[in-house]
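K.L.:
Provided below for reference: sequence and predicted model.
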Amino acid sequence: MPSNKPFLILLAGALPLVAADPSPTPAEAAKPASFEMPVPIGIPVKGIKIPHRNEEGKLIMTIEAEVAKKLDASHIEMENMTIESLDDDGKTINILLPQAVFDLDTRILKGESHALIKRDDFEITGDAVEFNTTTRQATLRGKIRMIIQSADIEQ
């Protein structure tokens with residue numbers, strides 16, 4: 001019988017959950033101090049790679065962009081970017097975007113053009129994406145297509 005685990009992991013990591021309790025989640029309450037990106041305002045920087053580590057110093061995510069330009073003190077526009085994130089199972093999830101704007105205050109990345117989220121066992125595309133780098137949850141909008149690959153098929 002095929003395993004449904006990849007599909008369940010995708011839903012837990014890709015769809016926002018709405019809680020009845022309005023109090024902040026532990027991830028929101030433990031929000032790290034400031035988020036720094038070495039990009040000057042108005043000057044494009046080519047080939048930027050920024051690692052993100054958790055409180056214990058473990059690498060959890062890397063953001064790379066061919067070109068990054070700070071629009072103002074809080075927003076950075078990036079082109080041809082890749083986010084490599086490790087999920088709770090230790091698998092790598094990649095988010096590929098041709099163009100996106102990152103809000104340094106909320107730590108939310110918004111891409112309004114073709115978005116691709118992929119892992120070894122699934123691939124999902126959408127017309128637009130909003131990715132919260134603190135909680136590592138993404139919301140896709142527009143025309144969405146999902147492909148699930150499973151090696152657990154019995155013959």
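P.N.:
Looks like it came in fine. Numbers count the residues shown, from 1 in each chain.
K.L.:
How are the helices of the protein distributed by residue range?
P.N.:
5-14, 26-29 (DSSP state H).
K.L.:
hey, least reliable of those by pLDDT?
P.N.:
Lowest mean pLDDT of the helices of the chain: helix 5-14, a mean of 36.
K.L.:
Quick check: pLDDT value at the residue nearest the centre of the chain.
P.N.:
When Cα atoms, centre = their mean is applied to the chain, the residue found nearest the centroid is Phe131 (4.5 Å). We note a pLDDT of 90 for Phe131 in this prediction.
K.L.:
Chain neighbours aside, what residue packs nearest to Ile148?
P.N.:
Of all residues not flanking Ile148 in the chain, Phe122 sits nearest, at 4.9 Å (Cβ to Cβ, 6 or more residues apart in numbering). Just so you know, the C-beta spots here come from the backbone N, C-alpha and C atoms, and that holds for glycine as well.
K.L.:
The one you found pairs with what?
P.N.:
Arg119, Ile148 (DSSP bridges).
K.L.:
and what of Val101?
P.N.:
With DSSP bridges as the rule, Val101 is bridged to Glu77, Lys110.
K.L.:
got it, and Leu96?
P.N.:
Residues in beta-bridge contact with Leu96 (DSSP bridges): Thr82, Leu116.
K.L.:
got the contact list for Ile83?
P.N.:
Met61, Thr62, Ile63, Glu64, Asn94, Ile95, Leu97, Leu109, Phe131, Thr133 (Cβ atoms under 8 Å, 6 or more residues apart in numbering).
K.L.:
again, only this time at 6 Å
P.N.:
Ile63, Ile95 (Cβ atoms under 6 Å, 6 or more residues apart in numbering).
K.L.:
Val45 too?
P.N.:
Per Cβ under 6 Å, 6+ apart, neighbours of Val45: Val39, Ala68.
K.L.:
now stretch 136-151: mean pLDDT?
P.N.:
88.
K.L.:
go on, stretch 84-99?
P.N.:
86.
K.L.:
Mind exporting the C-alpha coordinates of that stretch to CSV?
P.N.:
C-alpha atoms of stretch 84-99 as CSV (Å, rounded to 0.1, in the frame of the first residue of the first chain):
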residue,chain,number,x,y,z
GLU,A,84,17.2,25.8,0.7
SER,A,85,15.5,24.8,3.9
LEU,A,86,15.8,21.6,6.0
ASP,A,87,12.5,20.2,7.2
ASP,A,88,12.0,18.4,10.6
ASP,A,89,12.9,15.1,9.0
GLY,A,90,16.2,16.4,7.7
LYS,A,91,15.1,16.5,4.1
THR,A,92,16.0,19.5,1.9
ILE,A,93,13.2,21.6,0.6
ASN,A,94,14.0,24.1,-2.2
ILE,A,95,12.0,27.2,-3.1
LEU,A,96,12.9,28.7,-6.5
LEU,A,97,11.6,32.2,-7.5
PRO,A,98,12.5,34.4,-10.5
GLN,A,99,11.7,37.5,-8.5
